[in-house]
Every structure is written in structure tokens, then in C-alpha cells.
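> Here is a sequence together with a model predicted from it:
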Amino acid sequence: MDRRNFLKEGALTAALFTILPRQVLGGTGFVAPSDQINLGIIGCGAQGRWTLGGAFASRANLIAASDCESRQLQAMQELVDKETAKAKGQAYKGFKQYADYRELLARTDIDGVIIATPDHWHAVQTIEACRAGKDVYVEKPMSHSIEEGRAMANAVEKYGRVLQVGNMQRSWRNFRHACELVRNGYIGEIKEIKVTVGPPPVRYNLQAQPVPKTLNWETWIGPAPMNPYNEELAPPMERNMFPNWRNYTEYGGGMICDWGAHMFDIAQWAMGMDDSGPIEFIPADKKELKVLTMRYANGTIMTHEPFRKSEGNGVRFIGDDGVIDISRSFLDTIPAKLKDQVIGENEIKLYKSDDHYNDFLNAMKTRKQPLSTVEIGHRTASLCHIVNLCYEFGRKLTWNPEKEEFFFDNEANKRRGNPMRKPYSLEV
């Protein structure tokens, strides 16, 4: 049996085993496999270590990790040992390191994986994880192209997996409250939305540097275009920073995707557009339109522009009867009393989660959809990708959210996907 068929058979067997009633599997003291969450993490860089490694180590059994940089892999193990001991009284002694993530995916005792690699790896690793029978927590932005996002959604559906996107602002009370105020009409009909995030990416333009001995550069590049190493993409641990690969088109989507995956996501949630998105994307013309402007089918306008320049990334909702400003550091409303408005029992209430990580683990156990599903992640990321294309092309793009294609624009339609180096593909 070849490797792919072996993984398919293993995934099928695991799925059947998980759904059997626990009384069939053992006596009253038996703990069902669905109650024992074993996780692996792929990607042990700054995001993987500082956020996901510590968060999940205290909530589940984090038993394996993979990375193409050996020092980061060792640092992840040390973090997991520390956090597990803090949460459970002792470190998990069976933690194993893998230079090749496919070896981690082949383990039958791992229920789910955390994917914290650069954006250009998300799709391939998610699809392979689903094929191997693993549930997936994938960092935002979920995809590196529109085609990648759809392929990821197809994989989740085909293999019956649970996927949570790391759009954790949906699990923060202030963001949920702001969206509920909008949904329930507390500021009237929404006329305009302003979203503040940084700029689009640029083409890779850095000088070549020697590859560190502890880094497998070929593996880091993976399905993306090969370019010479520069520490801005994969900084040595001594720099203690988030890497800047996200600023280059070949590997990330700039701040449009990096922060847009958070802030455009909140705009989508408030508008009830989780399965759709804007239909027009129009670049600034320096005359009538001062900034890049989007239009939803219902007429609501959304712009990419700063509205509180000194206070970072955020979203402003402008309605007939008021204004709501929301970010990670403030929730301000006009009228001011709206900030403390209690949403009534008979009003629209959105999915409530106060812990994005536990929400994923609960979904793994119950097999119900988590808060930030693969379809939600795909639609938010698609919006970000189209904004980037609009900036690049400098012309109006008309989008069909149902067919996921551009009207009368062959060039834009070709750019819904990115070329992949062999042997990588989006085959589901």
C-alpha cells in the first residue's frame, strides 16, 4: 500500500473509532479517545512558541512538534515542558521532535495539529493533515491565495475534519459586543465601514545572506518560489522578533492579510457576510476616491484607511444613528451609552466563545463547528487577497462571491492562485 492510501485508511479507521459509544470501548472508568486530546504543532517560530505552544500545552497533551530550524524545535520542547508542568504538575515525557512534518502527521496517536508556519505553507500542510485524519488549528490568514482557501475548505469537508482559524478576536467580548450592536441595528443601517490596517506586500527584494547551519532553507521555502536566504524571513532566535516574511508577496500578504485577517474579519462578522464578501474593489483615484474602496451588494461601502491614526488597527462602523469604533485597545460608541447596552434575549446573539483555543478542543470532542470555521477563514482571507490584487493592478475589480471569480478579467482570475513548486500541490 502506498503512503497516501495508508493515510487514507488510517484516517477512516480513526474517524470510525472516535464516534463509537464509550461503553462499547470500555467500562465505566474508561476514557474515550475523543476525551484524550493529543496535539502536534507544525511551525515552532515566534508565533508558534509564544502564543500557540504555551496556550495549547496547558489545555491538551502537546506531544510532538516539527520545524525546519532545529533550535526553534528544541525551544518549543522546553516551552511545552515548562507550561505542561505548570498546568498539570509534570511535564509530558513523551514529547518528540520532527524535522519533517509528514512524520508527525503519520502518527496515529495525534488527534489534531496546530499549523503556525508562514502563510505559504498553510494550504499544503492543512490538506495533508486532513488527509491524515487530523483536525487543524491554523494560524491566520488561513490561506495564501483564493484557490488555496477553497482547496482547504474542500479538504475539511472531504475528510470530515474540524478546522479552527486563529482569528481569535471573535473570542474577545468587545469585538463580539460591537458586532452584536451592529447586527441588532443599534446604530441604524450601516452606510460605511472604515478598516485600519497596514499596507500590501512587496516583491521579494532582499540581499542574499549565508543560511544558518541550524536551518533547512529548502524546507522553509517548500511550495513557494525559491529565493536566497535573508534573516528578515527567518530571523535567528537571538533577534527575538516576529519574522518579516509576511511583508513579501511570495510568502505573505503584507499587513493587508496579517492584520486584515483580524479587522476585515470583524467587519465581515458584523455585516453577516461570513459566507460572502464585497462585490466591488476600487483603487483610489486621488479625485473622488481618496482611498481603496469596497462595496457590498447591499450598498454598504468599506474603505481601507486610518480613522484614529495614533491608535493602531481597528474598525469603524458608521450608521444612520451612530458610530462604533472597535480595536484591541478601545470600544467607543456614539451615542456613548451604547457601549454598555445589554443585548436582549430575543435579539441576535452571535456565537459566544471566551477562549479560542478551548473552543477548538471542544469542537474536536463534539464534532460541531467551531467559532472560526474554514469557510469563514476562507472568505476573510479572500477579501484580503482581492484588496492586495486591487492595489497591485490599480484598477477596479468586480467579484462574484458565489462563483468565486472576477467578472471579465482574465488576468485577475489567473491570480486567484499562486504557482507551486513541485512536488507540492493542492490536490485534495
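Structure received.

> Please identify the helix or strand for the residue lying closest to Leu206 once chain neighbours are set aside.
Nearest non-adjacent residue to Leu206, counting by Cβ to Cβ, 6 or more residues apart in numbering: Asn230, 3.9 Å away. Using the backbone N, CA and C atoms, a C-beta is placed for each residue, glycine as well. Here Asn230 is covered by no helix or strand, with elements defined by DSSP states H and E.

> So Asn230 versus Trp121, what's the distance?
18 Å (Cβ to Cβ, to the nearest Å).

> Which of those two has more residues huddled nearby?
Neighbour comparison, Asn230 and Trp121: the larger count goes to Trp121, with 25 against 18 (by other Cβ atoms under 10 Å).

> Mind checking what secondary structure that one has?
Judged by DSSP: H, G, I helix; E, B strand; the rest coil, the three-state class of Trp121 is helix.

> any idea how far Gly45 is from it?
Applying Cβ to Cβ to Trp121 and Gly45 gives a distance of 11 Å.

> ok so, going back, now the residue nearest to Leu206: how far from Gly252?
Taking Cβ to Cβ, one finds Asn230 at 14 Å from Gly252.

> just Val195 next, same as before
18 Å.

> More neighbours: those two, which one.
Neighbours were counted for Val195 and for Gly252 using other Cβ under 10 Å; Val195 has more, 27 against 23.

> The more buried one against Ala261, yeah?
No. Val195 is beyond contact range of Ala261, at 11.5 Å (criterion: Cβ atoms under 8 Å).

> What residues does Pro201 make contact with?
Applying Cβ atoms under 8 Å, 6 or more residues apart in numbering to Pro201 gives the contacts Arg246, Asn247, Tyr248, Thr249, Gly252, Gly253, Gly254, Ile256, Cys257, Asn388.

> Ignoring the adjacent residues along the chain, who's closest to it?
Gly254 (3.4 Å).

> Burial check on the one you found, number of neighbours?
22.

> right, and the helix or strand after the lowest-mean-pLDDT helix or strand in the chain?
Every helix and strand of the chain was ranked by mean pLDDT, DSSP states H and E. The lowest is helix 22-25, at a mean of 35. Counting by DSSP H and E, the next helix or strand C-terminal to helix 22-25 is strand 38-42.

> Tell me the gap between stretch 58-74 and the middle of its chain.
With Cα atoms, centre = their mean, to the nearest Å as the basis, stretch 58-74 stands 19 Å off its chain's centre.

> residue boundaries of the helices in the stretch 151-300 of the chain?
Along the stretch 151-300 of the chain, the segments classed as helices by DSSP state H, counting those that start in this stretch run 173-183, 217-221, 254-258, 260-271.

> who wins for proximity to Met241 among those helices?
Closest to Met241 of the helices of the stretch 151-300 of the chain is helix 254-258 (Cβ to Cβ; 14.2 Å).

> Now do the closest one: everything it contacts.
Residues contacting helix 254-258 (Cβ under 8 Å, 6+ apart): 119, 141, 197-202, 246-247, 252, 304, 381, 384-385, 387-388, 391.

> Just the buried subset of these, please.
119, 141, 197-198, 200-201, 246-247, 252, 304, 381, 384-385, 387-388, 391 (16 or more other Cβ atoms under 10 Å).

> And the furthest pair within those residues?
Largest pairwise distance in the buried ones among the contacts of helix 254-258, by Cβ to Cβ, is 19.2 Å, between Asp119 and His304.

> quick one, strands of the stretch 251-400 of the chain?
280-282, 293-295, 301-304, 314-319, 322-327, 331-334, 397-400 (DSSP state E, counting those that start in this stretch).

> Below-threshold pLDDT in the stretch 1-150 of the chain: ranges please.
1-35, 91-92 (pLDDT under 70).

> centroid residue for the protein?
Central residue of the chain (Cα atoms, centre = their mean): Lys140, 2.3 Å from the mean position.

> For that one, list the residues it contacts.
Per Cβ under 8 Å, 6+ apart, neighbours of Lys140: Val165, Gly166, Asn167, Ala261, His262, Asp265, Gly377, Thr380, Ala381.

> 7 Å - rerun?
Contacts for Lys140 (Cβ atoms under 7 Å, 6 or more residues apart in numbering) come out as Val165, Gly166, Asn167, Ala261, His262, Gly377.

> Count the neighbours of the closest residue to the fifth one other than its chain neighbours for me.
Closest residue to His262 in three dimensions, ignoring its sequence neighbours and counting by Cβ to Cβ, 6+ apart: Gln169, at 5.2 Å. Around Gln169 there are 23 other residues, counting by other Cβ under 10 Å.

> I'd like to know how far His378 sits from Ala85.
38 Å.

> Compare neighbour counts for those two and give me the winner.
Taking other Cβ under 10 Å, His378 and Ala85 do not tie; His378 has more neighbours (26 against 13).

> measure the more buried one to His144 for me?
Taking Cβ to Cβ, one finds His378 at 12 Å from His144.

> now Ser353
Ser353 is 26 Å from His144, by Cβ to Cβ.

> what about the two, which has more around it?
A count of neighbours by other Cβ under 10 Å puts His144 above the other of Ser353 and His144, at 27 against 21.

> Give me the spatial nearest neighbour of the more buried one, chain neighbours excluded.
Once flanking residues are discounted, His144 sits nearest to Asp119: 4.4 Å by Cβ to Cβ, 6+ apart.

> Next up, the contacts around the one you found.
Counted by Cβ under 7 Å, 6+ apart, Asp119 has contacts Pro141, His144, Arg246, Tyr251, Gly252, Gly253, Cys257.

> now do Tyr391
Neighbouring residues of Tyr391 by Cβ under 7 Å, 6+ apart: Pro200, Pro283, Leu292.

> Could you report the separation of it from Pro199?
Applying Cβ to Cβ to Tyr391 and Pro199 gives a distance of 8 Å.

> now do Met152
Computed as Cβ to Cβ, the Met152 to Pro199 distance reads 26 Å.

> dump the residue contacts of the closest residue to Tyr351 other than its chain neighbours.
Excluding the flanking residues, the one nearest Tyr351 by Cβ to Cβ, 6+ apart is Leu371, at 5.1 Å. If you count contacts by Cβ under 7 Å, 6+ apart, Leu371 has them with Arg170, Ser171, Tyr351, Ser353, His356, Asp359.

> Please repeat the previous calculation with a cut-off of 10 Å.
164-165, 167-168, 170-171, 176, 269, 350-353, 355-356, 359-360, 362-363 (Cβ atoms under 10 Å, 6 or more residues apart in numbering).

> How about Ile334?
Counted by Cβ under 10 Å, 6+ apart, Ile334 has contacts Ile187, Ile318, Gly319, Asp321, Gly322, Val323, Ile324, Asp325.

> Before we move on, what's the pLDDT of it?
If you check Ile334, the pLDDT there is 98.
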